[in-house]
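Asker: Just a sequence and a predicted model for now, questions to come.
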Amino acid sequence: MSHFHAAEDVRPDWACDAEESCADGANVESYLRRLYLPLRRDGNALVVALADASAENKCWIEAALGAASFIEVPRSELFLELSRRYGAELTDRAIFALAREQPELSARRVVSSGQVRGLVMAAFAAICALLVSPLAAVAAFVVAMTAIFIAGAFFRVLLSWLGGLPRKSVVVPPSDDPILPVYSIIVPLYREARIVPDLLRALSSLAYPRAKLDIKIVVEADDVETVAACEELERSHPFDIVRVPPSLPRTKPKAVNFALRYARGDYLVIYDAEDRPEKDQLLKAVAAFRRAPREIACLQARLAFHNQTRWLAKSFSIDYFTWFGSLLPGLERLNVPMPLGGTSNHFRTAVLREIGAWDPFNVTEDADIGLRLAQLGYRTAMLDSTTWEEAPERIDVWIRQRSRWLKGYMQTWLVHSRNARRLIRQVGLGGFLAFQLFIGGAVLSALVNPILWLFFALSCVLPLSVFGWSFSDTLGYASAVGAVGSNGLLTYLAVSGPARRGDPKLAPYGLTVVVYWLLISVAAYRGLWHLITKPFHWEKTTHGLSDEGGPHA
């Protein structure tokens, strides 16, 4: 018998059958947050299983339900019983709530009927142009792609400049501040048993009152090894195990959607298994939220890598320096939609629930939710704190991760481009153009980059004529601007970024960004193929391969 079925079949002595239970499935989120479960009537009193026996909680339950007698039970037993009773309902909500309530903002439908018509018309026009004048059609394509590529590169230079401007500092409250709110931490794990001890050490080092930390370690119920590793440490560490019943799609956003129902904090942060956040990150987030207007619904901390021994990890570090140190702060300065990073996203929990949480069908759920927040009238800001991660050091691992990211960017672009008028109305024309350049432009640039290099090489050897222009001149000028010019601007960002962030030793590796971008192109084409063949498949990134430990390892 599997561990999952064993856990589901074992019922605690205090539990009762559903037929005699006074519980109502419509109130399951209240049960999960207040840590109670109505059992049965005993005369005039309601018998309630209770895992939080504080006086405040008892008063709240009696005010809501009337006279009650309480049976104090372990939290782990209560969660298992709630999962046994309501796991199917919670799973259904985690998977389909967004698609049912806001179908136009869900990636469950990869391409809308209008987008299909647009793609068919574009393909038909391209075929006709190639049949009528193939050389002119190719030249027009190269010029158009060059214009988009160079516009995206200049936009990134602008963002880098804006993102490098001085920022206001926040006053961090002391860790013994009596009015600090409850803070939920959700960490989804899958096949990561061996790094659970390091993860818990990192979370234990956070400078936040233990009584106000609500840590949820989210595991797939049939991931036997990871569940066992968590259970072994559960008694000695302050966290709850949230077991997600097996179902498809098996994605990170579905798992965190499921766990969101359990979260009790006013604020909530997502960490990955290998994350090592700075100790005062939660305190800084509380200070930033207190100072920010209500429309600031999310704070994005910086991400950086602790392992920088090989060329790929160094190049990836430069990528992160540019992304989190310059580009995202630049988007914040412009007050335009900001795609989130995959971790260290701090939310106002109520807003997260209000917008429908994450899209379980989008494999880059972080980018999507950043755009959806903007669509629904909220904003994201940067948090002046760093979380350290482990960079992939093997190209095959990196390619799989980047393919998933770019496939998710394609999903995000398709979803949020379905209704251009609505998007412009919500985020303004500037926000719409920034979205097209930053999200759509990133994908398109990755796809056309090797094509422009190819045409640049061909232009040197093919003396053909187009409208009186030499084919080599037309392609040479256009592809040189696109390939050489744009990659030159990106090289400038890659060299200057680490220096501005105080790590000049990485700057020389920025000169190799042309090779790194070609690898991104490989990942983009792989991601495009997967978007067509298996759009909801989640390629898991393997962690724990580096010999280096993070700051708290």
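Answerer: Done, it's in. The shown structure was predicted, so the numbers you read here are calculated from the model rather than taken from an experiment.
Asker: where exactly do the strands run in the stretch 101-250 of the chain?
Answerer: Assigned by DSSP state E, counting those that start in this stretch, the stretch 101-250 of the chain shows strands spanning 183-189, 213-220, 240-244.
Asker: correction: the chain
Answerer: For the chain, strands defined by DSSP state E occupy the ranges 36-42, 45-50, 68-72, 183-189, 213-220, 240-244, 267-270, 276-277, 296-305, 345-348, 379-389, 465-466, 469-470.
Asker: Indicate which one of the ones you listed is closest to Lys168.
Answerer: The minimum distance between Lys168 and these falls on strand 379-389, with 9.0 Å, by C-beta to C-beta. For every residue, glycine as well, the C-beta is placed using N, CA and C.
Asker: Now that closest one: buried residues?
Answerer: Arg379, Thr380, Ala381, Met382, Leu383, Asp384, Ser385, Thr386, Thr387, Trp388, Glu389 (16 or more other C-beta atoms under 10 Å).
Asker: beta partners of the second one?
Answerer: Under DSSP bridges, the beta-bridge partners of Thr380 are Cys298.
Asker: what does the last one give?
Answerer: Under the criterion DSSP bridges, Glu389 forms beta bridges with Phe305.
Asker: That one and Gln308 touch, don't they?
Answerer: No - here Glu389 does not reach Gln308: they are 11.6 Å apart, not a contact under C-beta atoms under 8 Å.
Asker: tell me the average confidence for the top helix by length along the chain?
Answerer: Longest helix in the chain, counting residues (DSSP state H): helix 134-163. The average pLDDT within helix 134-163 is 89.
Asker: distance of Leu200 from Tyr271?
Answerer: Distance, Leu200 to Tyr271, using C-beta to C-beta, to the nearest Å: 11 Å.
Asker: now Asn57
Answerer: From Asn57 over to Tyr271 (counting by C-beta to C-beta), the distance is 27 Å.
Asker: Neighbour count: these two, which is higher?
Answerer: Tyr271 (23 against 16; other C-beta atoms under 10 Å).
Asker: Find the residue closest to the more buried one in space, skipping its chain neighbours.
Answerer: Leaving out its chain neighbours, the residue that sits closest to Tyr271 by C-beta to C-beta, 6 or more residues apart in numbering is Val187, at 5.0 Å.
Asker: Run a quick neighbour tally on His530.
Answerer: Neighbours of His530 (other C-beta under 10 Å): 20.
Asker: I'd like to know how far it sits from Ala107.
Answerer: For His530, the distance to Ala107 equals 13 Å [C-beta to C-beta].
Asker: Leu46 too?
Answerer: For Leu46, the distance to Ala107 - C-beta to C-beta - is 43 Å.
Asker: between these two, who's got more neighbours?
Answerer: Neighbours per residue (other C-beta under 10 Å) separate Leu46 from Ala107, with Ala107 holding more: 25 against 19.
Asker: Now for that one: which residues touch it?
Answerer: Asp359, Phe361, Asn362, Asp368, Gln411, Thr412, Leu414, Val415, Pro535 (C-beta atoms under 8 Å, 6 or more residues apart in numbering).
Asker: Kindly report the same for Gln401.
Answerer: By C-beta under 8 Å, 6+ apart, the neighbours of Gln401 are Pro392, Glu539, Thr541.
Asker: what's the closest of the strands of the stretch 101-250 of the chain to Val484?
Answerer: Per C-beta to C-beta, nearest to Val484 of these: strand 183-189, 42.0 Å.
Asker: Sheet partners, orientation included, of that closest one?
Answerer: strand 213-220 (parallel), strand 267-270 (parallel).
Asker: Centre of the chain to stretch 139-146, how far?
Answerer: 33 Å (C-alpha atoms, centre = their mean, to the nearest Å).
Asker: buried residues in that stretch?
Answerer: Ala139, Ala140, Phe141, Val142, Val143, Met145, Thr146.
Asker: Then stretch 511-526?
Answerer: With the criterion 16+ other C-beta under 10 Å, stretch 511-526 contains buried residues Val513, Val514, Tyr516, Trp517, Leu519, Ile520, Ser521, Ala523, Ala524, Arg526.
Asker: Between those residues, which sits nearest Asp319?
Answerer: Tyr516 (7.3 Å).
Asker: Tell me which residue is most central in the protein.
Answerer: Centrality entry for the chain: nearest residue to the mean C-alpha point is Asp366, 2.5 Å, by C-alpha atoms, centre = their mean.
Asker: Quick check, pLDDT for it.
Answerer: 93.
Asker: Same check on Ala457?
Answerer: 80.
Asker: Please apply the same query to Met1.
Answerer: pLDDT, Met1: 31.
Asker: Low-confidence ranges, the stretch 351-500 of the chain, go.
Answerer: 462-475 (pLDDT under 70).
Asker: repeat that for 80
Answerer: Residue ranges of the stretch 351-500 of the chain with pLDDT under 80: 458-479, 499-500.
Asker: among the strands paired with strand 183-189, which is the most enclosed?
Answerer: strand 267-270 (a mean of 25; mean count of other C-beta atoms under 10 Å).
Asker: about what we covered before: wait, doesn't the residue nearest to Tyr271 sit right on Leu199?
Answerer: Yes - counting by C-beta under 8 Å, Val187 touches Leu199, with 6.5 Å between them.
Asker: what's the overlap in contacts for the two?
Answerer: Residues within reach of Val187 and of Leu199 at once, by C-beta under 8 Å, 6+ apart, are Ile217, Ala273, Asp275.
Asker: now, which of the residues you listed sits nearest Tyr492?
Answerer: Asp275 (30.3 Å).
Asker: Count the residues that sit near the closest one.
Answerer: 24.
Asker: Number of residues surrounding Gly25?
Answerer: 12.
Asker: Hmm, I typed the wrong one, I wanted Cys16.
Answerer: Using other C-beta under 10 Å, Cys16 has 17 neighbouring residues.
Asker: Now that Leu423 has come up, it's in contact with Phe432, right?
Answerer: Yes - Leu423 is within contact range of Phe432, at 5.4 Å (criterion: C-beta under 8 Å).
Asker: measure the residue nearest to the centre of the chain to Leu50 for me?
Answerer: From Asp366 to Leu50 the distance is 36 Å (C-beta to C-beta).
Asker: Would you mind giving the domain segments of the chain?
Answerer: Listed domain ranges for the chain are 3-82, 106-553 (source: automatic domain parsing).
Asker: How far does the first one sit from its chain's centre?
Answerer: This means domain 3-82. Distance, centroid of domain 3-82 to centroid of chain: 33 Å (C-alpha atoms, centre = their mean).
Asker: go on, the longest one?
Answerer: Here the centre of mass of C-alpha atoms in domain 106-553, compared against the chain's by C-alpha atoms, centre = their mean, lies 7 Å away.
Asker: Show me the one of the strands of the stretch 101-250 of the chain that comes nearest Ile71.
Answerer: Ile71 lies closest to strand 240-244 among those, at 19.2 Å (C-beta to C-beta).
Asker: name the helices or strands packed onto the closest one?
Answerer: Packing contacts for strand 240-244, counted by 3 or more C-beta pairs under 8 Å, 6 or more residues apart in numbering; DSSP states H and E, involve helix 75-101, strand 213-220, helix 224-234, helix 252-260.
Asker: so of those, which one's packed in deepest?
Answerer: By mean count of other C-beta under 10 Å, the helices and strands packed on strand 240-244 have helix 252-260 as the most buried, with a mean of 26.
Asker: quick one on the thing from earlier: of the contacts of Gln401, which is the most crowded?
Answerer: Pro392 leads these on contacts (other C-beta under 10 Å) with 23 neighbours.
Asker: Sweet, I'm off.
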